[in-house]
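In: coords please:
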Amino acid sequence: MKVYLVGGAVRDALLSRPIVERDYVVVGSTPAKMIALGYKQVGKDFPVFLHPVSQDEYALARTERKSGQGYGGFICDFEPTITLEQDLYRRDLTVNAIAQSGDGTLIDPYHGQQDLNNKILRHVGPAFSEDPLRVLRVARFAARYHHLGFYIADETMALMKSMVQQGELKTLTPERVWLEIEKSLGDGAIEVFTTVLSHLNALNDVQPLLVKWNEETHQKLNAQLAQVPKADPNYKVVLFCLWLQHACLTKLTGIEQTLKIPSKYAIALRDYCEHAATLMTSPSPKDLLKLFNKVDLWRRPERFELLINIMRFTLGFEINQSEKLKKVAGSTRAISAQAIIAKGFSGSEIKNQLNEERLSQITHSLHL
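Out: Residues are numbered from 1 along each chain as shown. Predicted coordinates for the structure are as follows:
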């Protein structure tokens, strides 16, 4: 039994980048032996195990054979006779097909180090085309390492374009597509990810909410993204709304279910597409109160604050303008139904008086 560090940890170490997680491949073992050593099996389609102490993932060396269309259509062979080279050959890119033994020796049968040095993202072999998810992964890697000068090899671009033309991306589940999108948002280069997919004619398969995409929108979005601080707790949500800022509001209904987008992202995008125009036209107190009601400022103040933050990066809201609106929202929210009741109002009078006092507070705050 031999154990090797593989994939992203080896790649990023060679690029002097932080290592996020470590994955290992085990050669010459079986599920029974791994369990006997205290590893916990977690994989259903192929044996993946968690180390009893570090909880890192250890996968038995395997080969894969296409058995159907799509991401899950594979038959795996994980016999103990499978070699490390065979396991590495099934991987997507040469830069991800480098292994490292316990003594630090690099095993690189497919010249991944050479491609790292030349900043090329190149597929390992023809089996690449059997997994449509790899199209999105390569686009994501191209975006992540774009600032280092990496580019996709011509032959790999041609292969991915052929996969798109054959409809392979249509077999991906919305959950898998969203996972790759969210990872790309976290990398902070969603515009490069999008441009790669645009060149492959894959945008409609990946994100049908995108209204248009060209070099102008790429550069505009790039400038907007550069202004968003990565320390912002809503960094990915803000980037998502910047990315889809031109989406049609009528197409955003129920995207949590249809596109499997988390509700926080979906609500933020709908709020922006519905209310951005109102906020940009110096809204009247009545318009602002209506907006406050729609975004449920009273129970979810963070929702309005997120909307204002998105406005700053899409439509150039000045900081003082943003802060003023936040103060207006804060002072208006401070007027509670309990205070109205304490004044002796009851029944339908409570709602009417609450609206009046809130409207009065908005009017007063806007003129401060």
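In: Below-threshold pLDDT in the stretch 251-368 of the chain: ranges please.
Out: The model of the stretch 251-368 of the chain has no residue with pLDDT under 70.
In: now do 90
Out: Applying pLDDT under 90 to the stretch 251-368 of the chain flags residues 280-282, 312-323, 336, 339, 367-368.
In: Helices of that one, start to end?
Out: Counting by DSSP state H, counting those that start in this stretch, the stretch 251-368 of the chain has helices at residues 255-258, 263-280, 285-294, 301-314, 319-333, 337-342, 348-366.
In: Okay, now the unreliable bits of the stretch 51-200 of the chain?
Out: Counting by pLDDT under 90, the stretch 51-200 of the chain has low-confidence residues at 63-78.
In: go again using 70 as the cut-off
Out: For the stretch 51-200 of the chain, the ranges with pLDDT under 70 are 66-74.
In: the helices in it, which residues?
Out: In the stretch 51-200 of the chain, the segments counted as helices under DSSP H, counting those that start in this stretch are 84-89, 112-118, 133-144, 154-165, 174-187, 190-199.
In: any chance of those in CSV, with distance to residue 305 and mean neighbour count too?
Out: For the C-beta atoms, the positions are set from N, CA and C on the backbone; glycine is no exception. Listed next are these as CSV, based on distance: least, C-beta to C-beta, whole Å; neighbours: other C-beta atoms under 10 Å:
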stretch, distance to residue 305, mean neighbour count
helix 84-89, 48, 18
helix 112-118, 42, 17
helix 133-144, 28, 23
helix 154-165, 39, 16
helix 174-187, 20, 18
helix 190-199, 22, 23
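In: The ones you listed: which one's closest to residue 28?
Out: For these, the distance to residue 28 is smallest for helix 84-89, at 9.5 Å, taking C-beta to C-beta.
In: Residues contacting that closest one, please?
Out: Under the contact criterion C-beta atoms under 8 Å, 6 or more residues apart in numbering, helix 84-89 has outside partners 2, 4, 6, 25, 27, 61-63, 97-99, 107, 109-110, 124-125, 127.
In: May I see the helices of the stretch 251-368 of the chain arranged in TSV, with distance to residue 194 as well?
Out: Formatted as TSV, the entries for those read as follows, by distance: least, C-beta to C-beta, whole Å:
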stretch	distance to residue 194
helix 255-258	17
helix 263-280	16
helix 285-294	30
helix 301-314	16
helix 319-333	27
helix 337-342	46
helix 348-366	38
